[in-house]
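> Please find the sequence and the predicted model below.
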Number of protein chains: 2
Amino acid sequence: MTGRLTIVGLGPGDEALKTSRAVEALAAASDLVGYHTYLARVPERAGQHRHGSDNREEITRAREALQLAAAGRHVAVVSSGDPGVFAMASAVFEAIEAGEKAWRTLDVEVVPGVSAMFAAAARLGAPLGHDFCAISLSDNLKPWEVVLQRLTAAAEAGFVIALYNPISRARPWQLGAAFERLRLLLPPSTPVAFARAISRPDERVLITDLQSAMPATADMSTLVLIGSAETRRLDRASGDPWLYTPRSLEARS
Amino acid sequence: MTGRLTIVGLGPGDEALKTSRAVEALAAASDLVGYHTYLARVPERAGQHRHGSDNREEITRAREALQLAAAGRHVAVVSSGDPGVFAMASAVFEAIEAGEKAWRTLDVEVVPGVSAMFAAAARLGAPLGHDFCAISLSDNLKPWEVVLQRLTAAAEAGFVIALYNPISRARPWQLGAAFERLRLLLPPSTPVAFARAISRPDERVLITDLQSAMPATADMSTLVLIGSAETRRLDRASGDPWLYTPRSLEARS
């Protein structure tokens, strides 16, 4: 029996935003491996083994999944959003590179998903309609100085910026410091959106601007989007305004 | 009868990478609007009107969709990948802003999809596993000088770079000029991947490095990925190497 490892993107939360390949891969697995909270999103299935773990234990989880696959199991590693974006896919390849040679012969498939950033953008309008970047604010993973350099480069170059991992109990000040840096570089009226738990029952959206953006609006489930000089706010009679970034620089004049 | 406009992401091509919300929105529409090639991906349905148009006619197409919705039709605008990424969603909001006031009262929904960049990343491994950006190389939409500034900023700041619209008959030299610029900033061994028509029957992948990357490898259906200094190539006994970018800067040492 040959093992198999599939890294499955669950999408942002709503079942309707899962791909059918993800549904199929989850159903075909003998073993599901993942963070408890994400595993809880996958329907229980008789005979299927579930291996839940805490957040932050990504490498341990990746090694466990690889060991199971090497032992002949069909393993699905679950990941929220798209598994290649600040999520489990990189952890698995890190574990493969540092691990047993035999792991490189495993059948590994990454099933892409609807990412949190694109779900948030769709909910808001089309703020990522032109050049954009994604930055993780976690300074567990890189020196804070590098985060600041990237924020500066992105703002100066005119990218729309999606901030992942904006805040947590262990990292309470980083988002405020990021806003401070961006206020030196972008107009006060630059649109900022806080998009929390998009497509889930506890979804919450706040649209504001850079001068008024408060770090406390964000939590661990929030994606923060910072517009570029082109990003536009389109007010309407009812409902939140739409945010969008035109396809061309010229369209703005 | 109240009109409705839904902008639907079809995903990268494979039916299995479509979300069920997309399938549902396409089935519920009275009218489908889109580029011929993308419309051809949607199964025919009795009683449903199809309004195909040529590529590049995005604003005309968006206005047509809005007029139909304002007349009470249930319109689905189809877009490849994710509709918010260099695609139809921004064109629709541009048309709304420039158009009739009544269009702002329309029920507009954007259905996110699996984007070409994340489908390509999944096929390759996890090259977008850390900070990354997406840049359109089309200088129809912005001055070439701005493209060069953004490439420079992204390379200097250490982003992995996804290049959309790398080449076309009307824009033959831009990708070569982009590689030239990047060769001044990044090591010759920086991984470069050409990911063409991912998940479609004519899928083709080439993994190389910056010093050897040839613009002619790309066509209009190709996404070009340029690694960062952290991006790693993991060779294996059979199959293409995997490309991945570790979650942290420290993991590289």
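Great, that's in hand. Since the structure is predicted, the reported quantities are computational estimates derived from the model, not experimental observations.
> State the distance from the closest residue to residue A:235 other than its chain neighbours to residue A:209.
Residue nearest to residue A:235 in three dimensions, not counting chain neighbours: residue A:241, with 4.7 Å by Cβ to Cβ, 6 or more residues apart in numbering or on different chains. From N, CA and C alone the C-beta is placed, and that goes for glycine too. Going from residue A:241 to residue A:209 by Cβ to Cβ, to the nearest Å gives 11 Å.
> Give the bridge partners for the residue lying closest to residue A:55 once chain neighbours are set aside, please.
Closest residue in space to residue A:55, ignoring its immediate chain neighbours: residue A:35 at 5.4 Å, by Cβ to Cβ, 6+ apart. On the basis of DSSP bridges, residue A:35 is bridged to residue A:53.
> which residues touch residue A:134?
A:85, A:86, A:117, A:161, A:162, A:163, A:164, B:131, B:132, B:133 (Cβ atoms under 8 Å, 6 or more residues apart in numbering or on different chains).
> Whichever residue of the stretch 101-250 of chain A sits closest to chain B: what secondary structure?
Of all residues in the stretch 101-250 of chain A, residue A:129 sits closest to chain B, at 3.0 Å by Cβ to the nearest Cβ. Secondary structure, DSSP: H, G, I helix; E, B strand; the rest coil: residue A:129 is coil.
> in chain A, which ranges drop under the pLDDT threshold?
A:1, A:250-253 (pLDDT under 70).
> So which residues on the stretch 151-253 of chain A come close to chain B?
A:152-154, A:156-159, A:232, A:234, A:236-238, A:242, A:244-251 (Cβ under 8 Å from any Cβ of the partner chain).
> any idea which element the spatially closest residue to residue A:206 that is not a sequence neighbour lies in?
Counting by Cβ to Cβ, 6+ apart, residue A:194 is the residue found nearest to residue A:206 once chain neighbours are left out, at 4.4 Å. Using DSSP states H and E, residue A:194 sits in strand A:191-196.
> Give me the helices and strands touching that strand, please.
Judged by 3 or more Cβ pairs under 8 Å, 6 or more residues apart in numbering or on different chains; DSSP states H and E, the packing partners of strand A:191-196 are helix A:116-124, strand A:204-209, strand A:222-226.
> Mean neighbour count added to these, as CSV?
Shown next, in CSV, are the helices and strands packed on strand A:191-196 (neighbours: other Cβ atoms under 10 Å in any protein chain shown):
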stretch, mean neighbour count
helix A:116-124, 28
strand A:204-209, 16
strand A:222-226, 25
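> Mind checking which of the residues of the stretch 151-253 of chain A next to chain B are buried?
A:152-154, A:157-159, A:232, A:242, A:244-249, A:251 (16 or more other Cβ atoms under 10 Å in any protein chain shown).
> quick revisit: give me every residue that touches the residue nearest to residue A:235.
By Cβ under 8 Å, 6+ apart, the residues touching residue A:241 are A:207, A:233, A:234, A:235.
> Please apply the same query to residue A:185.
Residues in contact with residue A:185 (Cβ under 8 Å, 6+ apart) are A:152, A:155, A:156.
> do residue A:87 as well
Residue A:87 makes contacts with A:9, A:79, A:80, A:81, B:129, as judged by Cβ under 8 Å, 6+ apart.
> How many residues are close by the first one?
Other residues within reach of residue A:9 by the criterion other Cβ atoms under 10 Å in any protein chain shown amount to 31.
> what's the closest non-adjacent residue to it?
Take residue A:9 and drop its neighbours on the chain: the residue closest to it by Cβ to Cβ, 6+ apart is residue A:113, 2.2 Å away.
> can I assume the one you found is in contact with residue A:85?
No. Using Cβ atoms under 8 Å, residue A:113 is not in contact with residue A:85, being 9.0 Å away.
> Bridged to the residue lying closest to residue A:17 once chain neighbours are set aside, which residues?
Using Cβ to Cβ, 6+ apart and skipping residues adjacent in sequence, the residue nearest residue A:17 is residue A:11, 4.1 Å away. Residue A:11 has the following beta-bridge partners by DSSP bridges: residue A:81.
> so how far is residue B:98 from residue A:11?
33 Å.
> Between those two, point out the one with more neighbours.
Applying other Cβ under 10 Å to residue A:11 and residue B:98 shows that residue A:11 carries more neighbours, namely 29 against 12.
> contacting residues around the more buried one?
Each residue near residue A:11 by Cβ under 8 Å, 6+ apart is listed here: A:17, A:18, A:19, A:22, A:80, A:81, A:113, A:114, A:119, A:199, B:19.
> picking that back up, out of the residues of the stretch 151-253 of chain A next to chain B, which sit inside strands?
The members of these that map onto strands under DSSP state E are A:232, A:234, A:242, A:244.
> one step back: what sits against the residue nearest to residue A:9?
By Cβ under 8 Å, 6+ apart, residue A:113 lies in contact with A:8-11, A:18-19, A:22, A:79, A:81-83, B:114, B:118.
> and if we set it to 10 Å?
Counting by Cβ atoms under 10 Å, 6 or more residues apart in numbering or on different chains, residue A:113 makes contact with A:7-12, A:17-19, A:21-22, A:78-85, A:87, A:119, B:17, B:19, B:114, B:118, B:122.
> Same question for residue A:52.
Residue A:52 touches A:32, A:33, A:34, A:35, A:36, A:37, A:38, A:39, A:40, A:61, A:78, counting by Cβ under 10 Å, 6+ apart.
> With residue A:70 instead?
Contacts of residue A:70 (Cβ under 10 Å, 6+ apart): A:3, A:5, A:99, A:100, A:102, A:103, A:105, A:106.
> Next: residue A:84.
The contact partners of residue A:84, by Cβ under 10 Å, 6+ apart, come to A:7, A:9, A:90, A:93, A:110-113, A:115, B:117-129, B:132, B:244-245.
> Please repeat the previous calculation with a cut-off of 7 Å.
By Cβ atoms under 7 Å, 6 or more residues apart in numbering or on different chains, the residues touching residue A:84 are A:110, A:112, B:118, B:121, B:122, B:126, B:128, B:129.
> hmm, which two among the residues you listed are most spread apart?
A:112 and B:129 (12.9 Å; Cβ to Cβ).
> Mind checking which of those two has more residues around it?
More neighbours surround residue A:112 than the other of residue A:112 and residue B:129, with 33 against 30 (other Cβ under 10 Å).
> Excluding chain neighbours, what is closest to the more buried one?
Residue nearest to residue A:112 in three dimensions, not counting chain neighbours: residue B:122, with 4.0 Å by Cβ to Cβ, 6+ apart.
> So that neighbour versus residue B:155, what's the distance?
In terms of Cβ to Cβ, residue B:122 sits 24 Å off from residue B:155.
> Check residue A:198 too.
For residue A:198, the distance to residue B:155 equals 31 Å [Cβ to Cβ].
> neighbour-wise, which of these two wins?
Neighbour totals were compared for residue A:198 and residue B:155, and residue A:198 leads with 27 against 23 (other Cβ under 10 Å).
> Identify the residues contacting the nearest residue to that one once chain neighbours are set aside.
Nearest residue to residue A:198 in three dimensions, chain neighbours excluded: residue A:119, at 4.5 Å (Cβ to Cβ, 6+ apart). Residues near residue A:119 by Cβ under 7 Å, 6+ apart: A:12, A:17, A:198, A:199, B:112.
> The residues you listed into JSON lines, with extra columns for distance to residue A:180 and secondary structure?
JSON lines is the format used below for these (distance: Cβ to Cβ, whole Å; DSSP: H, G, I helix; E, B strand; the rest coil):
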{"residue": "A:12", "distance to residue A:180": "29", "secondary structure": "coil"}
{"residue": "A:17", "distance to residue A:180": "34", "secondary structure": "helix"}
{"residue": "A:198", "distance to residue A:180": "26", "secondary structure": "coil"}
{"residue": "A:199", "distance to residue A:180": "31", "secondary structure": "coil"}
{"residue": "B:112", "distance to residue A:180": "31", "secondary structure": "coil"}
